[in-house]
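In: with the sequence up front, the predicted model follows.
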Amino acid sequence: MELTPHRPTGLFGWVQSNNFRSASYFLAFATAAQILAATVLFVPLALFNEAFSPLYGPLGYLSVYVPIILIGTLAMFAMQMLLYTSNAQKQAGFIFVDASDEPRLCSVTEHLLAQIGMPAPFVAVLESPAMNAYACGVSQTKSILVVTRGLLDGLNDAELEAVLAHELTHIKNNDIRLMAAANICVANLRWMHKWNPLHFRNAIHGVICVGFPVFFPLMILGGLISQLAIRGAYGSRLIISASREFVADAEAARITHNPASLASALYKVQDRYRINGARDEDEAMMIAGDSEGPTASHPQIDERVSALAQTTGSMVFNAPGAHESSRRERFRREAAGGSEKGQRQSVFARIGAVTGENIFGLTAVAKWILLGALAFSLVWQGTSLLNPSAVLDKMDVRQFGHYLGTDTVHCLFEREANACFEAYPRNFSQFGDQQGTLLGFLTDRKEARQAEEHSWRENEIAEESVMMRDYTGQSGLMRDYQAMMGRDGRLFFERTSRVGPGVPTVHIYAELQQVGCFDEHLIHGKNSKAEFSTTDRGGGVDFSKYAPELTLAARTALNGGDDALMDYARTRRTVVRIAFDLFGSEGLAAIQQTLKAQLHKDVEAKLAIRLLSDPGFATEEGKMGRAELEALATKPARYVPCIALKSAPAKPSETKESAETSGPIFGDYKPER
């Protein structure tokens, strides 16, 4: 791509397209931000929220993160556009003036505004000996016309008028809005490039890549995307900055009818345009700037005057400094369509020199660090790289998450937490081939520690095996369940592997189906010790209110739909738990006496029919929730906290046979073998 002079034709088309081009800048920036954000978020989302990862859960990512990033980008861009004018003033340090401060400047400006027919911009002076001028802002009503002290002192009135006409044209054509959008885009992408965590910069990144090879392609891709985005933004701004100068030159010549004065002014400023401390954003908006080298932002003065010559003919040659025969001959060749070799540079060649990095975002030092890290990694991993599946294993960042325990964090937010934990692999050898990586080294050490711990546990289990007894559940009523309990109260499967502390979900589920009681952590109701009496009425404890609550819930359930039925089940569970927890066996017996009423039996029957007729009923409650409903419908007398059954006096009917005949009628549960 080259900087080709835009001939000063199609002025109205240029003006009409500027608004669209400004919006296009935002769209381009938003697209670059989305791509870069997806690259940066890939690792954390793969570790902590796989369902919304760009690679492993693209639909989730598109539905959640893409809108968030788009809204954030839009808000940031809009805020920067609103603050652009005030920030430009703070950065440049120019001073606003009026007719009393600068009568000559304001007089020329007012004369031009009357000719052009546009709102008056703010006028400012930058105290600098350089000869330059520029316009900035986001609209005609919020624009600023800035000239340097050197320009005011170095140009005559005709030349000053030509320069000001040039800058006012930028305002009228909305060039200032376009350049504001371009500058904001460049500044944001430059900031994102600087803080891109996947931008390979130093030896620390090399160590990370050696230890975790998945970061090799990620950092190369991240640097490439970041570099392409910033080069594209720089390049498009450079092209716009250069092309708009030809249009503004032609329009200034038309307004003033004096192209010679504009050419004369351009020749005067070409060697004195540089303002010390000026940002490249400001220089891109000025009437003159670098035309060669990596910071080039403007076409050469000779090119601009040649373009004027194509429109105005010999009038431009009346400009001082344009009389040398060689220069006039050059103008004529340009006017005839000729070109000078070397006058225009590749945009991307210039941009590469500006950033000091190659297309992958690597400096010269970073490139050698990356190559060294890659060579070391190849030697360390050896022949495992010849196995495609091993390479894919190394590239799966989710395995790193398993080692860090991010799956554990994920399970904490799951409704069935115990089942979630059991679903994840416990043996780190299942993470695939990680030979020659830091993850593989850490995994080997962890497996060694696990093997040592397992050996110690086997010895302890062997010592305790003589003290084991059948596990009969929290209720003491489970029969023929293949689990054993050690002397310390912790559970064992088939006398070989420890599960504890606490009762695993599989045992709670088995007892719920076989016995009909539910697991509940009680505060007061252990061993039938009552905290309160059923006759108490003080301190907010009133046993008499629970039976009416149950009756009301039962009537609603009989006359209502599924929601009312579910509300009854929840109310009954809560009341039964509270009755035993606060009022002991006396309270539980009183509630169970209430539940013998025909009203409650009718609700139990309705629930049983609903469960049998619709296998999908209450599945949103989960496996455990549906099992509780089945227990309530088929074994209502035992639908109490399991500890309540254990603490109740033993009954002759609680034999192995009775336990079997009262087993579950739903599901296909089988004891663990």
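Out: Perfect, thanks for sending it.
In: where along this protein do the strands fall?
Out: 95-97, 122-126, 133-137, 143-148, 469-470, 484-485, 491-493, 497-499 (DSSP state E).
In: who does the first one pair up with?
Out: Just to be clear, that refers to strand 95-97. strand 122-126 (antiparallel) (DSSP bridges).
In: number of residues surrounding residue 155?
Out: 22 (other Cβ atoms under 10 Å). (C-beta placed from N, C-alpha, C; glycine too.)
In: again but with residue 470, I slipped
Out: For residue 470, the neighbour count with other Cβ under 10 Å is 13.
In: please apply the same query to the one 4 residues further on.
Out: Residue 474 is surrounded by 22 other residues when neighbours are defined as other Cβ under 10 Å.
In: now swap in residue 60 and tell me
Out: Neighbour tally, residue 60, other Cβ under 10 Å: 16.
In: if I look at it, what pLDDT would I see?
Out: In this prediction, residue 60 carries a pLDDT score of 85.
In: over to residue 195?
Out: Model confidence at residue 195, given as pLDDT, is 80.
In: same check, this time on the one 10 residues further on
Out: pLDDT recorded at residue 205 is 81.
In: which one of the strands of the chain has the poorest average confidence?
Out: Among the strands of the chain, strand 497-499 scores lowest, with a mean of 46.
In: quick one: average confidence on the longest helix along the chain?
Out: The residue-count maximum for a helix in the chain (DSSP state H) belongs to helix 215-256. Here helix 215-256 scores 81 as its mean pLDDT.
In: now it and strand 133-137, what's the angle there?
Out: Relative orientation of helix 215-256 versus strand 133-137 (axes from the mean of the first three to the mean of the last three Cα atoms, to 10 degrees): 110 degrees.
In: list the buried ones in stretch 182-190?
Out: 182-190 (16 or more other Cβ atoms under 10 Å).
In: greatest separation within those: which pair is it?
Out: Greatest spatial distance among these (Cβ to Cβ): 182 and 190, at 12.3 Å.
In: ok, and the closest non-adjacent residue to residue 262?
Out: residue 162 (3.8 Å; Cβ to Cβ, 6 or more residues apart in numbering).
In: and the nearest residue to residue 91 once chain neighbours are set aside, how many residues sit next to it?
Out: Leaving out its chain neighbours, the residue that sits closest to residue 91 by Cβ to Cβ, 6+ apart is residue 279, at 6.2 Å. For residue 279, the neighbour count with other Cβ under 10 Å is 13.
In: pLDDT score assigned to residue 279?
Out: 78.
In: backbone dihedrals for it, please?
Out: For residue 279, the backbone dihedrals (degrees, to the nearest 10) come out as phi -80, psi 160.
In: so it makes contact with residue 93?
Out: No. At 11.4 Å, residue 279 does not count as touching residue 93 under the criterion of Cβ atoms under 8 Å.
In: correct me, but the residue nearest to residue 262 touches residue 267?
Out: No. Residue 162 sits out of contact with residue 267 when judged by Cβ under 8 Å, with a separation of 11.8 Å.
In: helices of the stretch 501-650 of the chain, residue ranges please.
Out: 505-514, 546-559, 562-594, 598-613, 622-634, 642-647 (DSSP state H, counting those that start in this stretch).
In: export these to CSV and append columns for distance to residue 158 and mean neighbour count.
Out: Formatted as CSV, those follow (distance: least, Cβ to Cβ, whole Å; neighbours: other Cβ atoms under 10 Å):
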stretch, distance to residue 158, mean neighbour count
helix 505-514, 90, 21
helix 546-559, 93, 17
helix 562-594, 86, 19
helix 598-613, 95, 16
helix 622-634, 86, 20
helix 642-647, 101, 21
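In: could I get the ones you listed as TSV with distance to residue 534 and mean pLDDT?
Out: Below are the helices of the stretch 501-650 of the chain laid out as TSV (distance: least, Cβ to Cβ, whole Å; pLDDT from 0 to 100):
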stretch	distance to residue 534	mean pLDDT
helix 505-514	28	87
helix 546-559	10	92
helix 562-594	5	90
helix 598-613	19	92
helix 622-634	23	90
helix 642-647	16	82
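In: quick check, residue 582 in contact with residue 541.
Out: Yes. Using Cβ under 8 Å, residue 582 is in contact with residue 541, at 6.7 Å.
In: who touches both of the two?
Out: residue 532 (Cβ atoms under 8 Å, 6 or more residues apart in numbering).
In: okay, the nearest residue to residue 107 once chain neighbours are set aside: pLDDT?
Out: Spatial nearest neighbour of residue 107, excluding adjacent residues (Cβ to Cβ, 6+ apart): residue 99 at 7.3 Å. Residue 99 is assigned 90 on the pLDDT scale.
In: and residue 99, what are its phi and psi?
Out: phi -60, psi -30.
In: that older thread, can you put the helices of the stretch 501-650 of the chain in JSON lines and add distance to residue 210?
Out: Converted to JSON lines, the helices of the stretch 501-650 of the chain look like this (distance: least, Cβ to Cβ, whole Å):
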{"stretch": "helix 505-514", "distance to residue 210": "41"}
{"stretch": "helix 546-559", "distance to residue 210": "64"}
{"stretch": "helix 562-594", "distance to residue 210": "56"}
{"stretch": "helix 598-613", "distance to residue 210": "58"}
{"stretch": "helix 622-634", "distance to residue 210": "45"}
{"stretch": "helix 642-647", "distance to residue 210": "54"}
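In: and of those, who's closest to residue 306?
Out: It's helix 622-634; of the helices of the stretch 501-650 of the chain, that one is closest to residue 306 (Cβ to Cβ) at 79.0 Å.
In: looking at the protein, which helix or strand is least sure?
Out: helix 656-661 (a mean of 41; mean pLDDT, DSSP states H and E).
In: hmm, back to that, out of the helices of the stretch 501-650 of the chain, which gets nearest to residue 88?
Out: helix 622-634 (59.6 Å).
In: show me what the closest one is packed up against.
Out: helix 505-514, helix 562-594, helix 598-613 (3 or more Cβ pairs under 8 Å, 6 or more residues apart in numbering; DSSP states H and E).
In: okay, the residue nearest to residue 91 and residue 533: tell me how far apart.
Out: Residue 279 sits 82 Å away from residue 533, going by Cβ to Cβ, to the nearest Å.
In: could you do residue 114 as well?
Out: 98 Å.
In: also residue 56?
Out: Residue 56 is 58 Å from residue 533, by Cβ to Cβ.
In: between those two, who's got more neighbours?
Out: residue 56 (17 against 14).
In: got the phi and psi for that one?
Out: Main-chain dihedrals, residue 56, degrees, to the nearest 10: phi -90, psi -20.
In: check residue 213 too.
Out: phi -60, psi -20.
In: neighbours of it, how many?
Out: 26.
In: that one contacts residue 381, correct?
Out: Yes. Applying Cβ under 8 Å, one finds residue 213 in contact with residue 381, separated by 7.4 Å.
In: spit out the contact partners of the residue nearest to residue 262.
Out: So residue 162 contacts 252-253, 256, 258, 261-262, 265 (Cβ under 8 Å, 6+ apart).
In: for these, which one is nearest residue 202?
Out: Here the nearest of the contacts of residue 162 to residue 202, counting by Cβ to Cβ, is residue 265; it sits at 48.0 Å.
In: verify the stated contact: that closest one with residue 163.
Out: Yes. Counting by Cβ under 8 Å, residue 265 does reach residue 163; the two are 5.1 Å apart.
In: so for the closest residue in space to residue 356 that isn't next to it in sequence, what's the pLDDT?
Out: Excluding its sequence neighbours, the residue lying closest to residue 356 (Cβ to Cβ, 6+ apart) is residue 363, at 6.0 Å. For residue 363, the pLDDT comes out at 81.
In: so residue 363 sits against residue 370, correct?
Out: No. Using Cβ under 8 Å, residue 363 is not in contact with residue 370, being 10.3 Å away.
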